[in-house]
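S.K.: Please find the sequence and the predicted model below.
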Amino acid sequence: TPSLSSSLFSLVNKNLHKDLNYPEFLEKNQTVKSIMVELFKNVNFATNLTKINISLLECIEKALEDKYITILTPLCPDYANVDLGKGFYSLTFDGLGSEIGVTAKRLLENLDALHAVFEKRKIEVNHIAAIGDFEALSDDTCKRVNLTQYEFIEKLKISQDKLKIRAGKKLDTILFTELCNGF
């Protein structure tokens, strides 16, 4: 237990008593901190709160100010995979399906919790789920899944249509290259 004199003479690390499960820059804005902590508590992200950077803090600050946020979620195509259990998969790339892929499934599992954090604060959410159609540009990838570029893209469109049906109005499901005016 630090003594009063050691505190007065700044001999004690001020963060010694804190459980820092988040970057210290979140201390600057308690509202943003509470949003971030809630997001990482309720949403199953692939990383943890300690790995975020200041640009995410700035994005949340802007969303609070504008009452609007755009979220872009890049998605992998529905490549053949092996279920490793507990929500983990290994993509084998031995084929390409037209179902909802593993990254899109993970998004669907977390979609309501993710949006709820913002909706609770009256922040409108524009959420774009963009599937990686640019992967069809690789001749090696197309050969590996035994599809032409056209067939590859058609499977992705079917996959995105299925995702849209499952997600409803919460997602705008597009091909990734639509963000940059096509191939």
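M.R.: Everything's here; your move.
S.K.: Spit out the contact partners of residue 145.
M.R.: By CB atoms under 8 Å, 6 or more residues apart in numbering, the contact list for residue 145 reads 79, 80, 93, 94, 95, 96, 152. The way it works is simple: take the backbone N, C-alpha and C, and place the C-beta from them, glycine included.
S.K.: Tell me the most packed of those, by neighbour count.
M.R.: Neighbours here are counted as other CB atoms under 10 Å. On that basis the top member of those is residue 96, with 23 neighbours.
S.K.: And the pLDDT for the residue lying closest to that residue once chain neighbours are set aside?
M.R.: Using CB to CB, 6 or more residues apart in numbering and skipping the chain neighbours, the partner closest in space to residue 96 is residue 145 (4.2 Å). We note a pLDDT of 96 for residue 145 in this prediction.
S.K.: phi, psi of residue 145?
M.R.: When quoted as degrees, to the nearest 10, the phi and psi of residue 145 stand at phi -100, psi 0.
S.K.: ok, now the one 3 residues further on?
M.R.: For residue 148, the backbone dihedrals (degrees, to the nearest 10) come out as phi -80, psi 170.
S.K.: Show me the strands in this protein, by range?
M.R.: According to DSSP state E, the chain carries its strands in the segments 68-75, 79-85, 88-96, 124-131, 172-175.
S.K.: Minimum distance to residue 27: which of those has it?
M.R.: The closest approach between residue 27 and any of these, judged by CB to CB, belongs to strand 68-75 at 22.0 Å.
S.K.: Tell me where this structure has helices.
M.R.: Assignment of helices within the chain using DSSP state H yields the ranges 4-8, 30-42, 54-66, 102-119, 139-144, 149-167.
S.K.: quick one: contacts of the third one?
M.R.: Residues outside helix 54-66 that contact it (CB under 8 Å, 6+ apart) are 23, 25-26, 28-29, 31-32, 35-36, 69, 118, 121, 123.
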